[in-house]
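S.K.: Below are the sequence and a predicted model; questions follow.
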Amino acid sequence: MKKVLVIGSTVVDVVVNLVNHLPKTGEDVHIRSQHMSLGGCAYNVSDSIRHFQVPYILFSPVGTGVYGDFVREELKKRNIVSPIPTPKKENGCCYCFVENTGERSFISYHGAEYLFEKEWFSLIPMEEIDSVYICGLEIEEATGSNIVEFLESHSSLNIYFAPGPRLTVIDPSLVKRLYKLSPILHLNEKEALEASGKATVSDAAAYLYEQTHNTVIITLGEKGCFYFNGEKSELISPVPTVQKDTIGAGDSHIGSVIACLQKGDSLPEAIQKANRISSCVVASSGALLADSDFDKLGLL
């Protein structure tokens with residue numbers, strides 16, 4: 001089995017659990033608790049792939065400063081080394097504010113982890129990979145075109161593009177170039193409707209398929225997950241859960257889909273397993289699923 005190349009950020013998630021709600025201007029509120037953990041879309045995706053014992057390369061720059069030191073030390077504990085040399089710019093972080101409903105809001109400080117130099121891509125052992133994951137956040141940055149150029153020069157790769165809410169703010173010319181590479185798109189319902197300008201999930205999926213000519217996967221939260229592959233559309237049933245917070249739910253879902261497809265599962269099977277993973281992530285605090293919780297699912 002070849003490896004999955006996971007391109008993107010690894011950051012420090014500073015998770016702040018609020019007592020009730022996000023503060024308004026001038027308001028003074030107390031919090032229930034806070035903690036720091038490893039996060040970032042690319043790292044979260046890679047951790048889900050790891051759970052399924054699928055080989056991968058985390059291609060993620062780790063900068064300097066207190067947050068870079070934290071990330072580097074946490075990756076070292078996990079025996080993970082990115083091929084990218086340490087940039088001189090400091091690493092950023094993500095403040096994750098979790099309300100008592102489990103909904104989260106992000107305030108991100110973007111640093112070295114989102115910027116990709118063109119020469120770094122020559123460090124990738126291309127003979128070892130056949131698939132690649134990318135996020136919208138890195139494409140949106142000033143060096144996003146470097147990622148797109150790399151993908152264009154290796155058009156045989158299977159591309160999984162999870163743009164998140166950034167699809168409508170990325171340079172349209174870069175989005176058009178990415179669509180020409182026929183990526184599998186992975187979005188949530190709100191993102192899909194906004195990106196397509198359509199009123200329904202099925203219309204949004206059909207519209208986006210016409211742009212990419214590849215499968216469109218749309219997560220629907222407690223309603224499950226919808227996909228359209230150009231011939232067939234299907235709603236995959238949700239897995240009921242008690243929501244603690246939604247940090248990392250989308251990342252864990254697409255990471256699980258990628259891993260299961262790499263292992264030979266059909267798309268419906270992969271999405272069913274991904275629904276189970278993301279429901280467990282939602283039921284726990286933070287973006288990552290503990291090994292013990294994954295083992296209980298019996299997915300291997």
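M.R.: It's in.
S.K.: Tell me how far stretch 55-64 lies from the chain's centre.
M.R.: 14 Å (CA atoms, centre = their mean, to the nearest Å).
S.K.: Name the residues of it that are buried.
M.R.: Using 16 or more other CB atoms under 10 Å as the test for burial, stretch 55-64 gives 56-64. The C-beta positions use only the backbone N, C-alpha and C, and glycine is treated the same way.
S.K.: got it, and stretch 10-29?
M.R.: For stretch 10-29, the neighbour count (16+ other CB under 10 Å) marks 10-18 as buried.
S.K.: Which residues does that stretch contact?
M.R.: Contacts with stretch 10-29, where a contact means CB atoms under 8 Å, 6 or more residues apart in numbering, come from 30-40, 42-43, 58, 60, 62, 67, 70-71, 75, 82, 91-100, 105, 108, 113, 245, 247, 285-287.
S.K.: Can you measure across it, start residue to end residue?
M.R.: Taking CA to CA, to the nearest Å as the measure, stretch 10-29 stretches 29 Å from start to finish.
S.K.: Distance from it to the middle of the chain?
M.R.: A distance of 22 Å separates the centroid of the chain from that of stretch 10-29, by CA atoms, centre = their mean.
S.K.: shouldn't residue 118 be in contact with residue 146?
M.R.: Yes - taking CB atoms under 8 Å as the definition, residue 118 is a contact partner of residue 146 at 4.6 Å.
S.K.: who has more neighbours, those two?
M.R.: residue 146 (18 against 12; other CB atoms under 10 Å).
S.K.: Which elements pack onto the host helix or strand of the more buried one?
M.R.: Assigned by DSSP states H and E, residue 146 belongs to helix 144-152. Counting contacts by 3 or more CB pairs under 8 Å, 6 or more residues apart in numbering; DSSP states H and E, helix 144-152 is packed against strand 129-135, helix 136-140, helix 172-180.
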